[in-house]
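Enquirer: Give me the fold of what follows.
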Amino acid sequence: RSRGLGDVYKRQVIMYVLGMSRSVSLTIAILAMCAYAFLVGWRPSCVRAMVMLGAGTLSVTLGRGRHYYHCLAMAALAILLVDPVALFSVGFQLSFLSVFSLLHFLPVLDKWLEFLPERLRGPLSVTLAAQIGVNPLIAKYFHQVSVIAPLANLVIVPTAGVLVASALALPALGAVCYPLASWFGTYLSHAIAILFKVVEWFASIPKSAVYLSSPSPAFLAFYYLIVMLIPVAYRNRKLVRPAIAICIVGATVLLTQPILGKLHSPEITILATRNGDAAVIRAPRGNNILVASFGGYREEDVLNYTVAPYLWSHGITRLEAVVISRFGAAGWSNLAELCDKFKVREVHLADYEGTNKERAKALNLSVIFHEKSWILHYGGMKLKCVCGPMQENYQSEVATTVEYQGKRILLASALSLESEMLLTKQDWPSEVDVLVIPRYGKTALCYETISRAHPEYVIVNGIIENSLLRKQLKGAQTLETKKAGAVTIGFLSRNIT
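Expert: This is a model prediction of the structure:
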């Protein structure tokens, strides 16, 4: 959009060169900018570019200097006066931060890269300057940063500029010769489709993006302080020593954060999932364990849109273990993706017939197979995993009991009725403090199961839609994940919170 408005600005210059007065050319250019902004939907990036180019055009026309920072501030003020909430939108933040970074860093990068040819130095400097400003926010909101963008933009940005300029010329061409404009528009749409294919090809290159957890507020503050100081110190040598001192203090604070993070109180978070189940256990000493199902209907959505964003937003980039509560044959690709993103140390899977070992070996996954129930220990926290019988659609079903400081939390998993009845008679724990029920409360938990568990708290994945289940849970404090997206169980002084 900024490039499109830049083409409008160039047209205003051309009109002035062709003999139009400044006032006429300025009026036509501003009207054209408003029309372009209307066509693309008055989004923050477009309004920002329109106000900046309009203010710049006006200042040049009136013989004033080009004050780019003032134009940027004027654009931000114009948007916030109309919509103050836009300050918290991702588009507003990325748009203004990228332009600010361009204004702040581009002169310095141009000087540092002056050894490169002009045609290569220009696009590379622009890409690097913009990425310096927006990469931390991209990591915060999208949990990944592209490392191939500088190379890809050398091809994509110039091509996109030509295509946008050609698209802006279509209305004028249509007014002169409609058949020619129609033919040209068809080939232009094919060219845009090819450009999208090129973008997808760059994105499909292995390791083209790095997955990151959400940066902490302290890191963001420190990063942008350094971003502000480096160009200033480069221009004024007297500020080099203070800048170095600030870097040392900030780095010390950031390095102590991971150590302090391991001292957090253990907790279990039950995530709201429409399909399957997912629980994140933060054990003592910083161990993170995921108990989740893989291979069910649309459970890849649970991984991509629920589990992974939660882990990244809470600074979890590594998982000590993954306990698979329910597993289907279609779950291998999701499991491999999870292990790649979060550096999973070990995966625990119930395997009755030993048919999955070759598949795990082919995917180079560290999977520990269990033929019967097993127990895991993590810094004073005990996980007892009980296997149900093998089902037709799922190769394993596992219920997990978490014990810590004398408290018991039963993660019932999305068990079938057959598994539940069998486990109730054999290995189901009695007198648990918290019972977690999956599947929006529609699971076939029978009266024997609930009465044997006799929980003080019941956490339902979603909402309770089963009236009989609601009656059975009478007397226990019930929490539903759908109301808040997740429910977290904390341990404080041997009490559950």
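
Enquirer: what's the nearest residue to residue 280 if we skip its chain neighbours?
Expert: With sequence-adjacent residues excluded and distances taken as CB to CB, 6 or more residues apart in numbering, residue 280 is closest to residue 269, at 4.6 Å. Placement of C-beta: from N, CA and C, glycine included.

Enquirer: what packs against the one helix or strand that neighbour maps to?
Expert: In the assignment (DSSP states H and E), residue 269 maps to strand 267-271. Contact analysis of strand 267-271 by 3 or more CB pairs under 8 Å, 6 or more residues apart in numbering; DSSP states H and E lists strand 278-282, strand 486-492 as its packing neighbours.

Enquirer: which residues touch that strand?
Expert: Strand 267-271 has contacts (CB atoms under 8 Å, 6 or more residues apart in numbering) with 278-282, 306-307, 310, 402, 409, 436, 459, 461, 481, 485-491.

Enquirer: chain center to that strand, what's the gap?
Expert: Counting by CA atoms, centre = their mean, to the nearest Å, strand 267-271 is centred 20 Å from the centre of its parent chain.

Enquirer: Using PDB, list the CA coordinates for it.
Expert: Provided in PDB are the C-alpha atoms of strand 267-271 (Å, rounded to 0.1, in the frame of the first residue of the first chain):
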ATOM      1  CA  GLU A 267       1.300 -25.900  37.900                       C
ATOM      2  CA  ILE A 268      -0.900 -27.800  35.400                       C
ATOM      3  CA  THR A 269      -2.800 -25.900  32.700                       C
ATOM      4  CA  ILE A 270      -5.800 -27.600  31.000                       C
ATOM      5  CA  LEU A 271      -6.300 -26.100  27.500                       C
END
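
Enquirer: If you count neighbours, what's buried in that strand?
Expert: 267-271 (16 or more other CB atoms under 10 Å).

Enquirer: can you pull out the strands in the stretch 51-200 of the chain?
Expert: All strands of the stretch 51-200 of the chain, identified by DSSP state E, counting those that start in this stretch, fall at 144-146.

Enquirer: Could you list the low-pLDDT ranges of it?
Expert: 53-66 (pLDDT under 70).

Enquirer: Pairing partners for the helix or strand that contains residue 458, with directions?
Expert: For residue 458, the enclosing helix or strand under DSSP H and E is strand 457-460. Here strand 457-460 has these sheet partners by DSSP bridges: strand 434-437 (parallel), strand 477-480 (parallel).

Enquirer: Among those strands, which comes closest to residue 164?
Expert: strand 477-480 (48.6 Å; CB to CB).

Enquirer: Next, the buried residues of the closest one.
Expert: Buried residues in strand 477-480, counting neighbours by 16+ other CB under 10 Å, are found at 478-480.

Enquirer: and it, what's its mean pLDDT?
Expert: The pLDDT scores in strand 477-480 average 76.

Enquirer: For residue 191, which non-adjacent residue is closest in space?
Expert: Leaving aside its chain neighbours, residue 191 sits nearest to residue 163 (6.1 Å; criterion: CB to CB, 6+ apart).

Enquirer: do residue 76 as well
Expert: Leaving out its chain neighbours, the residue that sits closest to residue 76 by CB to CB, 6+ apart is residue 96, at 5.8 Å.

Enquirer: so the one you found makes contact with residue 48?
Expert: Yes: counting by CB atoms under 8 Å, residue 96 does reach residue 48; the two are 6.2 Å apart.

Enquirer: ok, the two, which is more surrounded?
Expert: More neighbours surround residue 48 than the other of residue 96 and residue 48, with 26 against 22 (other CB atoms under 10 Å).
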